[in-house]
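J.: sequence-free structure coming up:
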């Protein structure tokens, strides 16, 4: 098939043509190095040694059919698309040789021939273009850029910015936190059992009558947040004093007021 | 080299300084610089185009030339010294014939789909062929054709222009003749519409943007 | 550049070609080349030293110079243009919250020691935080507190006033103004006060001057 090789392609592809394309080996079966029927047709067309625009499609169809016939005589396995092309060309040949039917459907034989010629021209044009492209002065192959470029050195400096408002907000927020934490400490002031016991012990001598516990604790229940801790500690302390026999406790029902009395005043109202 | 190429002895001090700046910037860079990049490093009001033209001329007969590629400027060695420099510099990987033809078809027909490339070549192309071109940085996915199946459209990159020494895609060799012969046209018979290759970042009327996943490294798989 | 630097118009064809080749070799090389490396690429009998000397002279007034380093030759951007290859990126960043809080405390409470700042903040501050403020030029070391351990006292600078648009440190809003601006909320416990800052150059009664070593760059490390 050497006579079919395109001069331009041979220049840059040469003998490596077959060896150099492992990537599409699986996609088609080479017919003696051809990439499909169009490639084969293009090679055959070149043997006519005329401008592709003026090529005889009829002659080309004959060449192709004869070539395929020869391969089949050699019992070569042919890829299906070569046979499809052969069938199509045989059909095209008949359309070109027979007079066109009056009411023909689809494209005429002439139009089909023109379309094939166009495709061959276009493929060849792209091959020429590829050859011209690849033979340009290519950067890194024929011409070279600066071998040791001097990179731009970037030194970065950080300029911080903040507004007066940011500053004041940051200051106020911190001082506010500080304030809150001070209040917090006071709120967590707790009466211990000992505190409750001390207050109760001090009061006990004066409790001749049943007296609600809240009454004599009232001086200490000044703020709502103190109420719970004062009451709880005092109640706990009172139970302890009851156990020791130093005070009497009475309650008429759940959550009713607690009354305290000095046991020494016993019988005063019984 | 002619006498007027002796930039600095003829130019007034400020112009001479500007020329030195442009020369240094371009010389230091391994990559093409846009005139606007250069202008941003020069004194206010410098005529960058004139400075570049002067340098281009001054270097035209030297061992190193100033050339315009992909609309940007680059110093590179003179082409006629190629054979002397080539020896120890590693040669770019040779492209297979299918890859090269595919590249040419993408360049001249862009934006183009895989099916259209196959129609021109008359055979199917393997996925690997386009991948090689994309890895090389010469081909990119542009968008998706507004057509059934939304096939991906391919086009060339700036690196393609730089590598092949083209200032713009319109400078492709033989483009005029091919266009005149109607060979850049898809299916319509010769002599009708005259498409031009389009490699701009903006999509053409019949292209949609790529899908988000298309640009992922593994997203190359389309049109299975 | 002087007239004789116009290499090529004066040199005969072969010398001109050799000069172009040397120029291209040096340009494209990734590393400095010895004269012997260059000689091996030139036609037999070329006077490499003379060629290099001629190129060195030709480029001496250009944006790029041919220089000899460690016995080898390379092209390098002219030293006076080295600023072109540096880009100062001033990155504008907002001050971090800890830095801002520390700055605010220094501003209001100055002269103030690090321990006092930590007392107001309720957390310890890293050395870096004050360093950032000092690098920025907003905070300075004023003196040493006349107290056990003699801790360094900090205060603000004139640059601080300029940046925050204050005429004097006394213009910092006081307690009532902060409350009026809604920055402090209503209930202020008795005894809570916003101090009157002092940023004058003169030391306060309980400050001693800094020790001589304090102002050395490495002298920032105090109060370990």
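T.: Great, that's in hand. Fair warning: this is a prediction, and the values are worked out from it, not measured in the lab.

J.: Please report the number of neighbouring residues for residue B:174.
T.: By other Cβ atoms under 10 Å in any protein chain shown, 15 other residues sit near residue B:174. Using the backbone N, CA and C atoms, a C-beta is placed for each residue, glycine as well.

J.: wait, residue B:20 sits on residue C:59?
T.: No. Residue B:20 is not in contact with residue C:59 according to Cβ atoms under 8 Å; the separation is 10.7 Å.

J.: and the stretch 1-150 of chain A, which residues reach chain C?
T.: Taking Cβ under 8 Å from any Cβ of the partner chain as the contact definition, the stretch 1-150 of chain A meets chain C at A:144-148, A:150.

J.: how's chain A carved up into domains?
T.: Domain ranges of chain A: A:37-98+A:107-135, A:193-261, per the TED database.

J.: And residue B:203, how far from chain A?
T.: Distance, residue B:203 to chain A, by Cβ to the nearest Cβ, to the nearest Å: 24 Å.

J.: Next, give phi and psi for the closest residue to that residue other than its chain neighbours.
T.: Distances taken as Cβ to Cβ, 6 or more residues apart in numbering or on different chains place residue B:143 nearest to residue B:203, at 4.8 Å, with adjacent residues excluded. Per-residue torsions, residue B:143: phi -170, psi -150 (degrees, to the nearest 10).

J.: re the thing from before, which of the domains of chain A is buried the deepest?
T.: The highest average neighbour count among the domains of chain A, using mean count of other Cβ atoms under 10 Å in any protein chain shown, belongs to domain A:37-98+A:107-135 at a mean of 17.

J.: low-scoring stretches of chain A, by residue?
T.: Residues of chain A that meet the criterion pLDDT under 70 lie in A:1-32, A:75-76, A:102-105, A:154-156, A:180-189, A:265-270.

J.: all helices of it, in order?
T.: Along chain A, the stretches classed as helices by DSSP state H are A:7-12, A:16-19, A:36-46, A:57-73, A:80-97, A:109-134, A:164-187, A:193-204, A:213-217, A:224-243.

J.: And for chain B?
T.: B:7-10, B:13-28, B:35-39, B:48-59, B:82-85, B:97-109, B:114-121, B:127-135, B:158-163, B:175-180.

J.: tell me the most buried of those helices?
T.: Ranked by mean neighbour count under mean count of other Cβ under 10 Å, the helices of chain B are led by helix B:97-109, which reaches a mean of 25.

J.: helices and strands around that helix, which ones?
T.: The criterion is 3 or more Cβ pairs under 8 Å, 6 or more residues apart in numbering or on different chains; DSSP states H and E, and the helices and strands that helix B:97-109 contacts are helix A:109-134, helix B:114-121, helix B:127-135, strand B:152-156.

J.: What is the distance between that helix and the centre of its chain?
T.: 14 Å (Cα atoms, centre = their mean, to the nearest Å).

J.: Please state the mean pLDDT value computed over that helix.
T.: Helix B:97-109 comes out with an average pLDDT of 93.

J.: Next, the angle from it to helix B:127-135.
T.: Computed by axes from the mean of the first three to the mean of the last three Cα atoms, to 10 degrees, the angle separating helix B:97-109 from helix B:127-135 equals 60 degrees.

J.: re earlier: pipe the domains of chain A into JSON lines and attach distance to residue C:34 per row.
T.: Shown next, in JSON lines, are the domains of chain A (distance: least, Cβ to Cβ, whole Å):
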{"stretch": "domain A:37-98+A:107-135", "distance to residue C:34": "34"}
{"stretch": "domain A:193-261", "distance to residue C:34": "89"}
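
J.: returning to what we had before: looks like the residue nearest to residue B:203 contacts residue B:153 (just checking).
T.: Yes. Look at residue B:143 against residue B:153 with Cβ under 8 Å: they come within range, at 5.2 Å.

J.: tell me, what residue is most central in chain B?
T.: Geometric centre of chain B, nearest residue: residue B:161, 1.3 Å, by Cα atoms, centre = their mean.

J.: pLDDT score assigned to residue B:160?
T.: What the model reports for residue B:160 is a pLDDT of 94.

J.: How about it: what's its closest non-neighbour residue?
T.: The spatial neighbour of residue B:160 that comes closest, neighbours along the chain excluded (Cβ to Cβ, 6+ apart), is residue B:138 at 4.0 Å.

J.: what's around the one you found, how many residues?
T.: Neighbour tally, residue B:138, other Cβ under 10 Å: 22.

J.: show me the contacts for residue 64.
T.: I'll assume chain A. A:37, A:40-41, A:44, A:85-86, A:89 (Cβ atoms under 8 Å, 6 or more residues apart in numbering or on different chains).

J.: if you could check chain B rather than the one you did, that'd help
T.: Neighbouring residues of residue B:64 by Cβ under 8 Å, 6+ apart: B:75-78, C:23-24, C:27.

J.: possible to save the residues of the stretch 1-150 of chain A next to chain C as a markdown table with neighbour count?
T.: Below are these laid out as a markdown table (neighbours: other Cβ atoms under 10 Å in any protein chain shown):
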| residue | neighbour count |
| --- | --- |
| A:144 | 24 |
| A:145 | 19 |
| A:146 | 23 |
| A:147 | 18 |
| A:148 | 17 |
| A:150 | 19 |
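
J.: For chain B, tell me which of those show up nearby.
T.: Filtering those for proximity to chain B (criterion: Cβ under 8 Å from any Cβ) leaves A:144-146, A:150.

J.: Any regions of chain B where pLDDT drops low?
T.: Scanning chain B for pLDDT under 70 picks out B:1-11, B:87-93, B:186-196, B:215-224.

J.: Relative to chain A, which residue of chain B is the closest?
T.: residue B:122 (2.7 Å; Cβ to the nearest Cβ).

J.: number of nearby residues for that residue?
T.: Neighbourhood size, residue B:122 [other Cβ under 10 Å]: 20.

J.: how close does it get to chain C?
T.: Residue B:122 is 41 Å from chain C, where distance means Cβ to the nearest Cβ.

J.: Please parse chain B into its domains.
T.: Using automatic domain parsing, the domain ranges for chain B come out as B:4-78, B:97-208.

J.: Make CSV out of these and add distance to residue A:257.
T.: Conversion of the domains of chain B to CSV gives the following (distance: least, Cβ to Cβ, whole Å):
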stretch, distance to residue A:257
domain B:4-78, 87
domain B:97-208, 83
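
J.: before we move on, the earlier item: ok, which pair from the ones next to chain B among the residues of the stretch 1-150 of chain A next to chain C is furthest apart?
T.: Within these, A:144 and A:150 form the most distant pair, 16.0 Å apart (Cβ to Cβ).

J.: how close does residue B:86 get to residue A:63?
T.: 42 Å (Cβ to Cβ, to the nearest Å).

J.: Also residue A:38?
T.: To residue A:63, residue A:38 is 14 Å away according to Cβ to Cβ.

J.: now swap in residue B:206 and tell me
T.: Distance, residue B:206 to residue A:63, using Cβ to Cβ: 39 Å.

J.: Now do the contacts for the closest residue in space to residue B:122 that isn't next to it in sequence.
T.: Leaving out its chain neighbours, the residue that sits closest to residue B:122 by Cβ to Cβ, 6+ apart is residue A:38, at 2.7 Å. Counting by Cβ under 8 Å, 6+ apart, residue A:38 makes contact with A:85, A:119-120, A:123, B:121-123.
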